[in-house]
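Colleague: Can you look at this prediction? I've put the sequence above it.
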Amino acid sequence: MSTHLFDAAPGAQQAAALSPAFPDRAARGTGPKLRRWQEEALAAYFEREPRDFLVAATPGAGKTTFALRLAKELLARGEVDRVTVVAPTDHLKRQWAESAERVAIHLNPVFRNSDGWLGKHWHGAALTYAQVGVDAAVHKRLTEGARTLVILDEVHHGGDALSWGDAMREAFGGATRRLSLSGTPFRSDTAAIPFVEYAPDQHGIRTSLTDYAYGYRRALEDGVVRPVLFMVYSGAMRWRTSAGDEVSARLGEPLTKDITAQAWRTALSPEGEWIPAVLKAADQRLTEVRRHVPDAGGLVIASDKTVARAYAKQLKELTGQAATVVLSDEKEASDRIAAFSAGTDRWLVAVRMVSEGVDVPRLSVGVYATNASTPLFFAQAIGRFVRARKRGETASVFLPNVPVLLKLAEQLELERDHALDRPEAEAGDPMASGLDDAALDAANRSEKASEAMTALGAFQALGSDAAFDRVLYDGGEFGFEAEVGSEEELDFLGLPGLLEPDQVRDLLQHRQAKQQRRGKKAPVAAPAPAPLADIPLHRRIKEQRQLLNDLVGLWSHRTNAPHGAIHSELRRTCGGPAVAQASPEQLEARIALLRKRING
């Protein structure tokens, strides 16, 4: 990560700088007591009082509170006369206006470009990036008509489209002050973000400079965010391709990107058994959390409207209670989110509305049931669960065993700056960071993620099942594959809902050891050999590959060795090429060797 202009570590210098800056804060009623990082960020700002200031803080840390306190101070000092907030969505601009109202800053969230001017009773307006992009001249006139502070929420949206970036520069180039906020990794494209400063890093790549950064790791230590447990589920998938071929694969096995994507889509199909099993497991986890946190809620993030409604129907059958469904193109979407946030209902199902910045603090359990795999979207989605209300609350997110998602889960603590120059290898490979970031990010915005994946080939999901795989937490892996509904799975679903971060790790290690002891008493039998006689060669090889992968998975869970390492060792011992090129005889030799090891 590039060097930040102001490091997040607390110190006497920052604290000293803060005191004279805000002598009468309480008297002015500027809002709730600030967290330590917010005080530090304010001190950093008033040390220099720059025109542009970029704050990167982990989701749930309180960027809105910080920005509004800064706005209040600048208004009180007479350094600005107007405040303009630019947010990604209509829901968020209303959320900003409501938060501003609580500190006596009146922002108009229903301002239309055709209105032309604000009434004198407003301190400013809350807008969307799209609204600015439609008519930048209106907002240029408003910005330059008074000394204006512009707050750019999730500023990476300024790089979404060339027209948006140009509009932002035109509209806000004359602003007196600009505060840029980001709670997620910046985009992976190379479009410069307006009002963000760039400098070459050690490799000569132009990278954004952050004035103040507050990452997940420190926020976790401060008790500002919750620890996140990722409950990973694998399973066998079957589907039919557009060519009419039937394909089977297992989530979590070494697969090509295309096969992984199609197996993933099959898992998320409402017609299979994977989603109902995972929803049931997530609801069990929510029940356990609600023993300690009675109003805890769950969120299912779906790929599109059709499956969102299907998931809601399954949740109602499972719980006996209707789930709240939120689709971003429905006028009542914001009201539904607000009602769910204020209530005690169990489940919310959403496509896009609850992915970025939306504040529902009671969300504690999530199901990641979408094809989206960009670092940006993943960080936004997980950010919905990390906001802590009191110490000890935990978050549990259920994931399919897909390599790109597991990598993102392991990198949750990674802080990422925006790079303008992409290395040649990455620039030439649109799949370098998983699935195509640009295509999937566009799909997320249009709520047509499943349609955007049709380039992989139309297919029909034929069947799926689920198996508990493991838990990811704080860079570690805990537990081994187990059947859904087994004691081993329930050990992890039944973790208490209130735990300190170190208690989470200790308890996970204890549950894993318990599972290992059970395994020694009752070894899992190796899968029975599939009948291969009188089967066409291509089907025979397909069955052998599936059996070999099942055995490798079993041996991996017994020995903790990675699947790839086991396959490599089998090749060295038995001879022959990789699985994809191996003959039936070579595959059979590897199968026989593994059976011998498993049966001891």
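Modeller: Structure received.
Colleague: Of all the residues in stretch 221-228, which ones are buried?
Modeller: Buried positions in stretch 221-228, judged by neighbour count with 16 or more other C-beta atoms under 10 Å: 224, 225, 226, 227, 228. C-beta coordinates here come from the backbone N, C-alpha and C atoms, glycine included.
Colleague: So what would you say the end-to-end distance of that stretch is?
Modeller: End-to-end distance for stretch 221-228: 13 Å, by C-alpha to C-alpha, to the nearest Å.
Colleague: what does the average pLDDT come to for that stretch?
Modeller: Averaged across stretch 221-228, pLDDT comes to 85.
Colleague: Same question for stretch 397-409.
Modeller: The model assigns stretch 397-409 a mean pLDDT of 93.
Colleague: How far off centre is stretch 73-86?
Modeller: Computed by C-alpha atoms, centre = their mean, to the nearest Å, the chain-centroid distance of stretch 73-86 equals 33 Å.
Colleague: sorry, back to before: which one of the buried residues of stretch 221-228 is nearest residue 217?
Modeller: Using C-beta to C-beta, residue 225 comes nearest to residue 217 of the buried residues of stretch 221-228, at 9.7 Å.
Colleague: Quick check: the closest one vs residue 212, distance?
Modeller: Distance of residue 225 to residue 212, given as C-beta to C-beta, to the nearest Å: 17 Å.
Colleague: and if you look at residue 374?
Modeller: 25 Å.
Colleague: Other residues contacting the one helix or strand residue 149 maps to?
Modeller: Here residue 149 is covered by strand 148-152, with elements defined by DSSP states H and E. Residues from elsewhere that reach strand 148-152 (C-beta atoms under 8 Å, 6 or more residues apart in numbering): 67, 70-71, 74-75, 80-86, 124, 142-143, 158, 168, 172, 175-181, 195.
Colleague: Return the set of buried residues in the helix or strand just after it.
Modeller: Sequence-wise, the next helix or strand downstream of strand 148-152 (DSSP H and E) is helix 162-172. Across helix 162-172, burial judged by 16+ other C-beta under 10 Å covers 164, 165, 167, 168, 170, 171, 172.
Colleague: wait, isn't the second one in contact with residue 192?
Modeller: Okay, so that is residue 165. Yes: judged on C-beta atoms under 8 Å, residue 165 makes contact with residue 192 at a distance of 7.1 Å.
Colleague: still on that earlier bit, please identify which of the buried residues of stretch 221-228 is nearest to residue 459.
Modeller: Taking the buried residues of stretch 221-228 together and measuring to residue 459 by C-beta to C-beta, the closest member is residue 228, at 32.1 Å.
Colleague: If the closest one is in a bridge, with which residues?
Modeller: Taking DSSP bridges, one obtains residue 395 as the residues bridged to residue 228.
Colleague: That one touches residue 395, doesn't it?
Modeller: Yes: using C-beta under 8 Å, residue 228 is in contact with residue 395, at 4.6 Å.
Colleague: got any ranges where the stretch 201-350 of the chain has weak pLDDT?
Modeller: 328-329 (pLDDT under 70).
Colleague: If we use 90, what do you get?
Modeller: In the predicted model, the stretch 201-350 of the chain carries pLDDT under 90 at residues 201-210, 215-227, 240-249, 252-259, 327-338.
Colleague: residue ranges of the helices in it, please?
Modeller: 216-221, 257-268, 274-292, 305-319, 333-342 (DSSP state H, counting those that start in this stretch).
Colleague: Could you check how many residues crowd around residue 37?
Modeller: 24 (other C-beta atoms under 10 Å).
Colleague: What is the longest helix of the protein by residue count?
Modeller: helix 537-559 (DSSP state H).
Colleague: what packs against that helix?
Modeller: In terms of contacts (3 or more C-beta pairs under 8 Å, 6 or more residues apart in numbering; DSSP states H and E), helix 537-559 is packed against strand 246-251, helix 563-574, helix 584-599.
Colleague: could you dump these to TSV with distance to residue 90?
Modeller: Output for these, formatted as TSV (distance: least, C-beta to C-beta, whole Å):
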stretch	distance to residue 90
strand 246-251	36
helix 563-574	45
helix 584-599	56
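Colleague: Can you tell me which of the ones you listed is most buried?
Modeller: Using mean count of other C-beta atoms under 10 Å, the stretch among those with the largest mean neighbour count is strand 246-251, at a mean of 19.
Colleague: Neighbouring strands - and their directions - for it?
Modeller: Strand 246-251 has the following strand partners under DSSP bridges: strand 228-241 (antiparallel).
Colleague: can you pull the buried residues of the strand it pairs with?
Modeller: For strand 228-241, by 16+ other C-beta under 10 Å, it's 228, 229, 230, 231, 232, 233, 234, 235, 236, 237, 238, 239.
Colleague: and the residues you listed as JSON lines, adding distance to residue 513?
Modeller: Formatted as JSON lines, those follow (distance: C-beta to C-beta, whole Å):
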{"residue": "228", "distance to residue 513": "22"}
{"residue": "229", "distance to residue 513": "17"}
{"residue": "230", "distance to residue 513": "20"}
{"residue": "231", "distance to residue 513": "19"}
{"residue": "232", "distance to residue 513": "19"}
{"residue": "233", "distance to residue 513": "22"}
{"residue": "234", "distance to residue 513": "22"}
{"residue": "235", "distance to residue 513": "25"}
{"residue": "236", "distance to residue 513": "28"}
{"residue": "237", "distance to residue 513": "31"}
{"residue": "238", "distance to residue 513": "35"}
{"residue": "239", "distance to residue 513": "38"}
